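> Fold the following.
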Amino acid sequence: MKQITTTIVGGALLAIISTGCSQPSNTTLLEKGNYAMWQERWSDAAADYKKATLQHPGDWQAQYKLGQCLMEMGEPQLASQSLAIAEALEPSNIEVADLYAKSLYDCGRQDQLFSFLYSRAKKQQTVRAWTSFAEYAMDLDDPDSATNAINTAITLSDGTDANPYILGATLAERLGENDKAIHLWQQAWLISPSDENISNALRAHGEIPGPTMTGIVDDSQ
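Purely as a prediction, here's the structure:
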(Lines give C-alpha, C1' and ligand atoms only; values in the text may rest on other atoms or scores of the structure.)
Protein backbone atom coordinates (compact mmCIF):
# COMPACT_ATOMS: atom_id res chain seq x y z
CA MET A 1 0.00 0.00 0.00
CA LYS A 2 2.80 2.39 0.95
CA GLN A 3 4.57 1.72 -2.32
CA ILE A 4 1.40 2.42 -4.27
CA THR A 5 0.86 5.69 -2.42
CA THR A 6 4.46 6.71 -3.00
CA THR A 7 4.13 5.93 -6.71
CA ILE A 8 1.02 8.08 -6.97
CA VAL A 9 2.72 10.91 -5.10
CA GLY A 10 5.79 10.60 -7.28
CA GLY A 11 3.63 10.84 -10.39
CA ALA A 12 1.96 13.98 -9.07
CA LEU A 13 5.31 15.55 -8.32
CA LEU A 14 6.68 14.70 -11.75
CA ALA A 15 3.59 16.21 -13.33
CA ILE A 16 4.03 19.49 -11.52
CA ILE A 17 7.65 19.89 -12.53
CA SER A 18 6.58 20.96 -15.99
CA THR A 19 3.93 23.40 -14.78
CA GLY A 20 4.95 24.48 -11.29
CA CYS A 21 7.22 27.31 -12.42
CA SER A 22 4.35 29.06 -14.17
CA GLN A 23 1.99 28.87 -11.18
CA PRO A 24 1.53 31.77 -8.74
CA SER A 25 2.72 31.45 -5.15
CA ASN A 26 0.63 29.67 -2.54
CA THR A 27 1.43 32.30 0.09
CA THR A 28 -1.86 34.20 -0.06
CA LEU A 29 -3.98 31.04 -0.08
CA LEU A 30 -2.07 29.59 2.86
CA GLU A 31 -2.43 32.81 4.84
CA LYS A 32 -6.18 32.85 4.19
CA GLY A 33 -6.45 29.20 5.14
CA ASN A 34 -4.41 29.71 8.30
CA TYR A 35 -6.68 32.55 9.41
CA ALA A 36 -9.82 30.51 8.72
CA MET A 37 -8.31 27.56 10.60
CA TRP A 38 -7.46 29.81 13.54
CA GLN A 39 -11.15 30.76 13.63
CA GLU A 40 -12.09 27.07 13.34
CA ARG A 41 -13.84 27.69 10.05
CA TRP A 42 -12.70 24.31 8.82
CA SER A 43 -14.69 24.26 5.57
CA ASP A 44 -13.43 27.70 4.49
CA ALA A 45 -9.87 26.81 5.42
CA ALA A 46 -10.14 23.52 3.54
CA ALA A 47 -11.33 25.36 0.42
CA ASP A 48 -8.25 27.61 0.49
CA TYR A 49 -5.87 24.73 1.11
CA LYS A 50 -7.54 22.69 -1.62
CA LYS A 51 -6.90 25.52 -4.10
CA ALA A 52 -3.30 25.63 -2.92
CA THR A 53 -2.83 21.88 -3.45
CA LEU A 54 -4.32 22.09 -6.93
CA GLN A 55 -1.99 24.98 -7.70
CA HIS A 56 1.07 23.30 -6.18
CA PRO A 57 0.53 19.58 -5.43
CA GLY A 58 4.07 19.40 -4.07
CA ASP A 59 3.41 21.91 -1.29
CA TRP A 60 3.52 19.62 1.74
CA GLN A 61 2.20 22.27 4.12
CA ALA A 62 -0.90 22.82 1.99
CA GLN A 63 -1.46 19.05 1.79
CA TYR A 64 -0.96 18.64 5.54
CA LYS A 65 -3.24 21.51 6.50
CA LEU A 66 -5.91 20.34 4.09
CA GLY A 67 -5.67 16.96 5.83
CA GLN A 68 -6.01 18.64 9.23
CA CYS A 69 -9.19 20.45 8.16
CA LEU A 70 -10.72 17.33 6.64
CA MET A 71 -10.05 15.42 9.84
CA GLU A 72 -11.81 18.15 11.81
CA MET A 73 -14.70 17.89 9.36
CA GLY A 74 -15.00 14.15 9.95
CA GLU A 75 -13.60 13.13 6.56
CA PRO A 76 -10.66 10.81 7.36
CA GLN A 77 -10.85 9.05 4.00
CA LEU A 78 -10.32 12.29 2.09
CA ALA A 79 -7.82 13.51 4.67
CA SER A 80 -5.67 10.42 4.22
CA GLN A 81 -5.18 11.23 0.54
CA SER A 82 -3.65 14.64 1.26
CA LEU A 83 -1.77 13.39 4.30
CA ALA A 84 -0.22 10.54 2.30
CA ILE A 85 1.28 13.13 -0.05
CA ALA A 86 2.45 15.34 2.82
CA GLU A 87 4.07 12.37 4.56
CA ALA A 88 5.83 11.24 1.38
CA LEU A 89 7.22 14.76 0.94
CA GLU A 90 8.20 15.16 4.62
CA PRO A 91 8.84 11.62 5.92
CA SER A 92 10.74 12.83 8.99
CA ASN A 93 7.89 15.05 10.20
CA ILE A 94 6.35 13.34 13.24
CA GLU A 95 3.17 15.46 13.30
CA VAL A 96 2.40 14.65 9.68
CA ALA A 97 3.05 10.93 10.20
CA ASP A 98 0.92 10.87 13.36
CA LEU A 99 -2.05 12.51 11.67
CA TYR A 100 -1.73 10.29 8.60
CA ALA A 101 -1.78 7.23 10.86
CA LYS A 102 -4.85 8.56 12.68
CA SER A 103 -6.66 9.17 9.40
CA LEU A 104 -6.02 5.56 8.33
CA TYR A 105 -7.18 4.31 11.72
CA ASP A 106 -10.33 6.43 11.68
CA CYS A 107 -11.41 5.24 8.24
CA GLY A 108 -10.76 1.59 9.08
CA ARG A 109 -7.83 0.96 6.73
CA GLN A 110 -6.07 -1.34 9.18
CA ASP A 111 -3.84 -3.18 6.70
CA GLN A 112 -2.52 0.07 5.25
CA LEU A 113 -2.04 1.50 8.74
CA PHE A 114 0.02 -1.50 9.84
CA SER A 115 2.06 -1.42 6.65
CA PHE A 116 2.77 2.30 7.02
CA LEU A 117 3.73 2.20 10.70
CA TYR A 118 5.83 -0.95 10.37
CA SER A 119 7.68 0.36 7.32
CA ARG A 120 8.26 3.70 9.02
CA ALA A 121 9.59 2.04 12.17
CA LYS A 122 11.87 -0.30 10.22
CA LYS A 123 13.27 2.60 8.23
CA GLN A 124 13.70 5.11 11.04
CA GLN A 125 14.65 2.72 13.85
CA THR A 126 13.62 5.18 16.55
CA VAL A 127 11.93 4.57 19.90
CA ARG A 128 9.15 6.96 18.88
CA ALA A 129 8.36 5.11 15.64
CA TRP A 130 8.28 1.67 17.28
CA THR A 131 6.15 2.80 20.23
CA SER A 132 3.70 4.44 17.83
CA PHE A 133 3.39 1.15 15.96
CA ALA A 134 2.95 -0.68 19.28
CA GLU A 135 0.18 1.68 20.44
CA TYR A 136 -1.90 1.07 17.32
CA ALA A 137 -1.22 -2.66 17.45
CA MET A 138 -2.60 -2.66 20.99
CA ASP A 139 -5.68 -0.71 19.94
CA LEU A 140 -6.29 -3.14 17.10
CA ASP A 141 -5.92 -6.19 19.38
CA ASP A 142 -2.64 -7.51 18.00
CA PRO A 143 -0.62 -8.18 21.17
CA ASP A 144 2.09 -10.15 19.35
CA SER A 145 2.95 -7.25 17.03
CA ALA A 146 2.70 -4.84 19.95
CA THR A 147 5.05 -6.95 22.08
CA ASN A 148 7.65 -7.20 19.33
CA ALA A 149 7.48 -3.46 18.71
CA ILE A 150 7.77 -2.66 22.41
CA ASN A 151 10.77 -4.97 22.82
CA THR A 152 12.47 -3.29 19.87
CA ALA A 153 11.75 0.14 21.34
CA ILE A 154 13.14 -0.92 24.72
CA THR A 155 16.34 -2.16 23.07
CA LEU A 156 16.73 1.08 21.12
CA SER A 157 16.05 3.21 24.19
CA ASP A 158 18.96 1.60 26.05
CA GLY A 159 17.47 2.55 29.40
CA THR A 160 17.06 6.26 28.59
CA ASP A 161 13.36 6.46 27.66
CA ALA A 162 10.58 5.34 29.99
CA ASN A 163 7.84 5.34 27.35
CA PRO A 164 8.37 1.85 25.91
CA TYR A 165 8.52 0.41 29.43
CA ILE A 166 5.26 2.18 30.30
CA LEU A 167 3.64 0.86 27.16
CA GLY A 168 4.96 -2.64 27.86
CA ALA A 169 3.62 -2.53 31.41
CA THR A 170 0.23 -1.38 30.17
CA LEU A 171 0.09 -4.25 27.67
CA ALA A 172 1.17 -6.75 30.32
CA GLU A 173 -1.65 -5.57 32.58
CA ARG A 174 -4.17 -6.05 29.78
CA LEU A 175 -2.90 -9.58 29.28
CA GLY A 176 -3.05 -10.35 33.00
CA GLU A 177 0.73 -10.67 33.30
CA ASN A 178 1.06 -8.81 36.59
CA ASP A 179 4.62 -9.87 37.48
CA LYS A 180 5.85 -8.67 34.11
CA ALA A 181 3.87 -5.45 34.47
CA ILE A 182 5.43 -4.73 37.88
CA HIS A 183 8.93 -5.36 36.53
CA LEU A 184 8.36 -2.98 33.61
CA TRP A 185 6.86 -0.29 35.87
CA GLN A 186 9.94 -0.62 38.08
CA GLN A 187 12.21 -0.15 35.09
CA ALA A 188 10.19 2.88 34.04
CA TRP A 189 10.50 4.30 37.57
CA LEU A 190 14.29 3.96 37.48
CA ILE A 191 14.32 6.16 34.37
CA SER A 192 11.67 8.67 35.49
CA PRO A 193 11.33 8.49 39.31
CA SER A 194 9.49 11.84 39.43
CA ASP A 195 6.68 10.67 37.12
CA GLU A 196 3.61 10.39 39.34
CA ASN A 197 1.76 8.23 36.84
CA ILE A 198 4.47 5.60 37.13
CA SER A 199 4.52 5.82 40.91
CA ASN A 200 0.74 5.53 41.07
CA ALA A 201 0.82 2.48 38.81
CA LEU A 202 3.32 0.81 41.14
CA ARG A 203 1.20 1.61 44.18
CA ALA A 204 -1.79 0.06 42.42
CA HIS A 205 0.25 -3.15 42.30
CA GLY A 206 1.08 -2.90 46.00
CA GLU A 207 4.61 -1.64 45.41
CA ILE A 208 6.13 1.36 47.21
CA PRO A 209 8.17 3.41 44.73
CA GLY A 210 11.79 3.79 45.79
CA PRO A 211 15.30 2.37 45.28
CA THR A 212 14.71 -0.58 47.61
CA MET A 213 11.73 -1.64 45.47
CA THR A 214 14.07 -2.86 42.74
CA GLY A 215 16.66 -4.34 45.05
CA ILE A 216 19.19 -1.82 43.75
CA VAL A 217 20.58 0.37 46.56
CA ASP A 218 23.25 3.02 46.09
CA ASP A 219 25.79 2.34 48.87
CA SER A 220 27.85 5.38 47.96
CA GLN A 221 25.41 7.72 49.75
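> now do the same end-to-end measure for stretch 51-59.
Start-to-end span of stretch 51-59 (Cα to Cα, to the nearest Å) is 11 Å.
> and Asp44, how many residues sit next to it?
Look at Asp44: counted by other Cβ atoms under 10 Å, it has 16 neighbours. C-beta: built from backbone N, CA, C; applies to glycine.
> cool, His56 as well?
When neighbours are counted by other Cβ under 10 Å, His56 registers 21.
> Please determine how far the residue lying closest to it once chain neighbours are set aside is located from Glu87.
Excluding the flanking residues, the one nearest His56 by Cβ to Cβ, 6 or more residues apart in numbering is Asn26, at 5.2 Å. As judged by Cβ to Cβ, to the nearest Å, Asn26 and Glu87 stand 19 Å apart.
> now do Lys180
Distance of Lys180 to Glu87, computed by Cβ to Cβ: 34 Å.
> between these two, who's got more neighbours?
Glu87 (28 against 15).
> What are the buried residues along stretch 195-206?
For stretch 195-206, burial by neighbour count (16 or more other Cβ atoms under 10 Å) applies to Ile198, Ser199, Ala201, Leu202.
> Among these, which lie within helices?
Of the positions in the buried residues of stretch 195-206, Ile198, Ser199, Ala201, Leu202 sit in helices, assigned by DSSP state H.
> Now do the contacts for the first one.
Same thing as Ile198. Shown in contact with Ile198 (Cβ atoms under 8 Å, 6 or more residues apart in numbering): Ala162, Ile166, Trp185, Ala188, Trp189, Ser192, Pro209.
> Let me have those in a markdown table, extended by distance to Phe133.
Converted to a markdown table, the contacts of Ile198 look like this (distance: Cβ to Cβ, whole Å):
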| residue | distance to Phe133 |
| --- | --- |
| Ala162 | 18 |
| Ile166 | 15 |
| Trp185 | 22 |
| Ala188 | 19 |
| Trp189 | 24 |
| Ser192 | 22 |
| Pro209 | 29 |
